[in-house]
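# Just need the structure, nothing else, for what follows:
(chains A, B, C and D)
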There are 2 protein chains.
Amino acid sequence: MDRASASSETPGPAAQAVVAKRGRGRPRKTLDERDDGNRRVELVRAAGSLFRRKGFAATSTRDIAAAVGMRSGSPFYHFKSKGALLFEVMRQGMEEACRKQAEALQKTEETTPDSRALLAVLIHNHFAILLSRGSDFIPVMLYEWRSLSAAQRKQIALIKDQYEAVWVPVLEGLHRSGQLRCEPKLARLLIFGALNWSAQWFDARRGASLADLAAAATDLFVAKGKAQ
Amino acid sequence: MDRASASSETPGPAAQAVVAKRGRGRPRKTLDERDDGNRRVELVRAAGSLFRRKGFAATSTRDIAAAVGMRSGSPFYHFKSKGALLFEVMRQGMEEACRKQAEALQKTEETTPDSRALLAVLIHNHFAILLSRGSDFIPVMLYEWRSLSAAQRKQIALIKDQYEAVWVPVLEGLHRSGQLRCEPKLARLLIFGALNWSAQWFDARRGASLADLAAAATDLFVAKGKAQ
DNA sequence: CCTACCGATCGGTAGG
DNA sequence: CCTACCGATCGGTAGG
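Residues are numbered from 1 along each chain as shown, chains lettered A, B, ... in the order given. Have a look, this model is predicted:
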């Protein structure tokens, strides 16, 4: 995700010269042919989208290749296997989620020490990651956890645990104050289930906004009373 | 699901005579060879288990055949396609879920008109269906909805809507009384997400019982106050 | 990154 | 319900 969103821009003049020289192969989507990792980013994004829509097993490496304008064998120049692509979808996704979560928390911690407001921020941020267009890694993680090898699972679990650990003290605080009427560990499992399932039904084009949804979910789980 | 749980019992003497006569093929798990639909039941059960564990696309019809002691082509004598098996897993599962839900409601409606107790019953019953050993259809529905054809989806949705519709008036009652602090339609989506995800983490052999879990979830979603 | 290819596996069928 | 089989597709590789 290093130079992520700049991926399919027009290339510099140097790259265009390269294209002019070796005219083999059929036209690409862009003139970009630099060997600098952009294609890796594109492949991960396309794989994430396809894995989400069709599932890991039902997605062929040919589908992924076609989605980025490559021939069938070429993804294996960038990734040693289909499974390595799946792993990278999840790893990059979770790592960015951790970064965004830390960012969101930092922004509020200065102004609001209230546990309920903190949970509201965590929930809003989670929805933002989960429901933003083009972000497919959480559904892929939910659906394709079993498609990882044991070693891959262990690595992803490490990042996931880090992401989820942040929620525990917040939920514990709300439990102590009586606003959360459920054991915090169990509450976290139930809440993540509730939030993540929204990827299946939330429609950004109609109904509530993301902020409305986050507020409603917060209201459902924790009482407003007894604010710190 | 007509003669469901009687599926792998010992056959009557008539069936045994049949077995003695045509001695071809290798030994089955049981002597049962009656052509009366038992094998259909076994196939659906095995398919459900495999579809849940490995996913629809990653499960071969050979896997399913092997699980019930058949040869690779034989499932197609009972079902016209792999997709028809998936459909039957979901249809039978949802139909039994509806039956059990109606049963559970009937049992309480005489004694308890309280909305909160009603929701507690719905939640407990849902956990019982979701988490009982050998019941795989809800996870399969969650994971493999996309693997259904459009026509199949429509049929399953009909039964699913029927199952979920029961929850609406109960949630509306709790919303009116102020115990549910979230719009009922949205609450239902969030609650189902929370409940269903438990299929991934609930372990019957340790931790809370099914009843404890149901009570805790109910507490999380609806306040105890203002009964009636 | 493409071409050309391989062995394996898959859903499904005919014919009994 | 088995045997024997088919065409299609798949993940992955060698060699450039």
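
# who in chain A is up against DNA strand D?
Applying C-beta under 7 Å from any atom of the strand, we find that chain A lies next to DNA strand D at A:59-63, A:72-73, A:76, A:80-83. Heads up, the C-betas are built off the backbone N, CA and C, glycines and all.

# Now with 6 Å, please.
Within chain A, the residues that sit near DNA strand D (C-beta under 6 Å from any atom of the strand) are A:60-62, A:72-73, A:76, A:81-82.

# Mind telling me what element A:Glu103 is part of?
Here A:Glu103 sits within helix A:82-109, counting by DSSP states H and E.

# Let me know the next secondary structure element after the worst-scoring helix or strand of chain A on mean pLDDT.
Lowest mean confidence among the helices and strands of chain A (mean pLDDT, DSSP states H and E): helix A:13-21, at a mean of 34. Under the assignment DSSP H and E, the closest C-terminal helix or strand after helix A:13-21 is helix A:38-54.

# Now do that next one: which elements does it pack against?
Applying 3 or more C-beta pairs under 8 Å, 6 or more residues apart in numbering or on different chains; DSSP states H and E, we find helix A:38-54 packed against helix A:61-67, helix A:75-78, helix A:82-109, helix A:137-144.

# and these, which is most packed in?
helix A:137-144 (a mean of 21; mean count of other C-beta atoms under 10 Å in any protein chain shown).

# Is the helix holding A:Glu103 positioned near chain B?
No. Interface with chain B: helix A:82-109 contributes nothing (C-beta under 8 Å from any C-beta of the partner chain), its closest point being 12.1 Å away.

# which other residues reach the following helix or strand past that helix?
Secondary structure here is assigned by DSSP H and E; on that basis, the next helix or strand after helix A:82-109 toward the C-terminus is helix A:115-131. The set of residues external to helix A:115-131 that reach it, using C-beta atoms under 8 Å, 6 or more residues apart in numbering or on different chains, is A:96-97, A:100-101, A:104-105, A:108-109, A:112, A:135, A:138, A:166-167, A:170-171, A:173-174, A:177, A:179, A:191, A:195-196, A:198-199, A:202, A:204, A:210-211, A:213-215, A:217-218, A:221-222, A:224, A:227-228.

# Please produce a ChimeraX select command covering the buried subset of those residues.
To isolate in ChimeraX the members of the contacts of helix A:115-131 that are buried, counting by 16 or more other C-beta atoms under 10 Å in any protein chain shown, one can use:
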select /A:97,101,104,108,135,138,167,170,171,173,174,177,179,191,195,196,198,199,202,210,213,214,215,217,218,221,222
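
# So which of the contacts of helix A:115-131 are in helices?
Judged by DSSP state H, the contacts of helix A:115-131 include A:96-97, A:100-101, A:104-105, A:108-109, A:138, A:167, A:170-171, A:173-174, A:191, A:195-196, A:198-199, A:210-211, A:213-215, A:217-218, A:221 as members of helices.

# where in chain A is pLDDT low?
Of all residues in chain A, those with pLDDT under 70 make up the ranges A:1-36, A:112, A:226-228.

# Show me which residues of it are close to DNA strand C?
Within chain A, the positions lying close to DNA strand C (C-beta under 6 Å from any atom of the strand) are A:25, A:33, A:39, A:70-74, A:77-78.

# Relative to chain B, which of those residues is nearest.
Of all the residues of chain A next to DNA strand C, the one sitting nearest chain B is A:Ser72; the distance, using C-beta to the nearest C-beta, is 18.9 Å.

# wait, that closest one sits on A:Ala65?
Yes. Under the criterion of C-beta atoms under 8 Å, A:Ser72 is in contact with A:Ala65, at a separation of 5.4 Å.

# can you pull the contacts of A:His175?
Residues in contact with A:His175 (C-beta under 8 Å, 6+ apart) are A:182-184, A:187.

# and what of A:Ala194?
With contact taken as C-beta under 8 Å, 6+ apart, A:Ala194 is in contact with A:217, A:220-221, B:190-191, B:193-194, B:197.

# Excluding chain neighbours, give the residue nearest to A:Leu171 in space.
For A:Leu171, the nearest residue in space outside its immediate sequence neighbours is A:Pro184; the separation is 4.0 Å by C-beta to C-beta, 6 or more residues apart in numbering or on different chains.

# ok, A:Trp201 - how many residues close by?
12 (other C-beta atoms under 10 Å in any protein chain shown).

# tell me the secondary structure for the closest residue to it other than its chain neighbours?
Residue nearest to A:Trp201 in three dimensions, not counting chain neighbours: B:Leu189, with 5.7 Å by C-beta to C-beta, 6+ apart. Using DSSP: H, G, I helix; E, B strand; the rest coil as the criterion, the local structure at B:Leu189 reads helix.

# Report the contact partners of B:Leu189.
Remark: with contacts taken as C-beta under 8 Å, 6+ apart, B:Leu189 is in contact with A:197-198, A:201.

# mind redoing it with 10 Å?
Contacts were defined as C-beta atoms under 10 Å, 6 or more residues apart in numbering or on different chains; by that measure B:Leu189 touches A:194, A:197-198, A:200-202, A:217, B:164, B:182-183.
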